[in-house]
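Novice: Could you work out the structure for the sequence below:
(one chain, ligands or ions: 1)
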Amino acid sequence: MTMHEDPMTDELFRQDATLQHCEARVLVADADGIRLDRTVFYPHGGGQAGDTGVLRLADGREIRIADTKKGATPGEIVHLPAADADVSVLTPGLVVTAQIDWQRRHRHMRFHTATHLLCALIPHPVDGCSITADYARLDFHMTEPLDKQAITEGLTRLVAEAHAVRHRWITEAELDANPHLVRSMSVQPPRGLGTVRVMEVDGVDLQPCGGTHVANTAEIGPVIVTKIEKKSAKTRRVVLGFAESA
Ligand SMILES: [Zn+2]
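Specialist: Okay, the predicted model is just below:
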């Protein structure tokens with residue numbers, strides 16, 4: 001099998017979400033995007049926005065990456081160049097430095113971890129999720145009203161309690177034997193790779209998740225519920241914001 005037919009990418013961000021850059025080799029670069037042999041760029045998925053950043057050549061030239069998405073096959077990651085980027089310089093085999101926009105990603109990580117706290121505070125199935133640098137929102141499949149102030153206080157408490165956040169891998173067979181681990185109705189854990197990544201907020205939440213998270217809830221910082229919406233008869237939407245930018 002040639003590299004072109006099997007553009008699998010080593011997903012460094014799954015083992016260490018704090019990696020801001022890595023050396024990587026270009027596999028394919030064309031109008032459809034750029035595939036690397038390894039990357040720190042998180043591809044849009046599980047509600048979390050894809051990373052932006054640059055691919056830096058040895059001579060200092062930079063190819064701006066405007067978004068990152070999953071490819072057609074499991075494990076395939078596509079770096080989407082900015083409209084004005086010249087990808088013709090990215091010949092297969094070329095070594096580049098892949099560097100994400102860390103400030104933006106760290107906000108994704110803080111919000112993403114906060115959504116796990118929200119799942120613990122609101123024990124209903126999740127049927128929608130969006131995590132960006134400016135807000136996070138979760139849709140809960142439920143009919144009961146929600147108290148904005150009480151949820152903000154719950155989040156503030158869980159952040160202040162400084163719970164450790166860690167991941168581990170379980171087999172798909174183990175997951176099938178424990179279906180209660182799947183909290184989300186719309187976002188199923190990625191399948192087909194043999195193992196599933198489980199995120200644990202120590203003593204608070206445990207569920208399959210492939211996203212990026214901070215290492216401790218204290219790192220989330222002040223987070224508040226900015227809005228609660230009745231999206232449909234059976235859906236309550238909770239929107240989070242950072243207190244410092246509210
Ligand atoms: Zn997560």
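Novice: quick one: contacts of the strand or helix carrying Asp67?
Specialist: Using DSSP states H and E, Asp67 maps to strand 62-70. With Cβ atoms under 8 Å, 6 or more residues apart in numbering as the test, strand 62-70 has contacts from 33-34, 39, 41-45, 50-57, 76-87, 89-90, 96. Heads up, the C-betas are built off the backbone N, CA and C, glycines and all.
Novice: buried residues in that strand?
Specialist: For strand 62-70, burial by neighbour count (16 or more other Cβ atoms under 10 Å) applies to Ile63, Ile65, Asp67, Thr68, Lys70.
Novice: out of those, which one sits closest to the ion?
Specialist: Nearest to the ion among the buried residues of strand 62-70: Lys70, at 16.0 Å, using Cβ to the ion.
Novice: Give me the local confidence score for that closest one.
Specialist: pLDDT, Lys70: 94.
Novice: any idea how far the ion is from Pro179?
Specialist: Computed as Cβ to the ion, to the nearest Å, the Pro179 to the ion distance reads 18 Å.
Novice: ok, now which ones touch that residue?
Specialist: With contact set as Cβ under 8 Å, 6+ apart, Pro179 has no partners.
Novice: ok, Ile151 - how many residues close by?
Specialist: By other Cβ atoms under 10 Å, the residues close to Ile151 number 19.
Novice: can you pull the contacts of it?
Specialist: Neighbour list for Ile151: Leu118, Leu121, Ile122, Val225, Ile228, Val238 [criterion: Cβ under 8 Å, 6+ apart].
Novice: what does Arg104 give?
Specialist: Asp51, Thr52, Ala133.
Novice: possible to save those as JSON lines with distance to the ion?
Specialist: Formatted as JSON lines, the contacts of Arg104 follow (distance: Cβ to the ion, whole Å):
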{"residue": "Asp51", "distance to the ion": "15"}
{"residue": "Thr52", "distance to the ion": "20"}
{"residue": "Ala133", "distance to the ion": "16"}
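Novice: coming back round to it: who does the strand holding Asp67 pair up with?
Specialist: Partners of strand 62-70 in the sheet, by DSSP bridges, are strand 53-56 (antiparallel), strand 77-81 (antiparallel).
Novice: chain center to the lowest-mean-pLDDT helix or strand in the chain: distance?
Specialist: One helix or strand of the chain scores below all others by mean pLDDT, DSSP states H and E: helix 172-177, with a mean of 84. Relative to its parent chain, helix 172-177 has a centroid offset of 22 Å by Cα atoms, centre = their mean, to the nearest Å.
Novice: Could you list every helix and strand in contact with it?
Specialist: Judged by 3 or more Cβ pairs under 8 Å, 6 or more residues apart in numbering; DSSP states H and E, helix 172-177 is in contact with strand 195-201.
Novice: So what touches the strand it packs on?
Specialist: Defining contact as Cβ under 8 Å, 6+ apart, one finds that strand 195-201 is touched by 14, 113, 116-117, 120, 158, 163-172, 174-175, 181, 189-190, 205-211, 213, 217.
Novice: Nearest to the ion: which residue in this structure?
Specialist: Using Cβ to the ion, Cys209 is the residue of the chain that sits closest to the ion, at 3.2 Å.
Novice: Spell out which strands sit alongside the helix or strand containing Trp169 in the sheet and which way each one runs.
Specialist: Element membership for Trp169, per DSSP H and E: strand 165-171. Using DSSP bridges, the strands paired with strand 165-171 are strand 195-201 (antiparallel).
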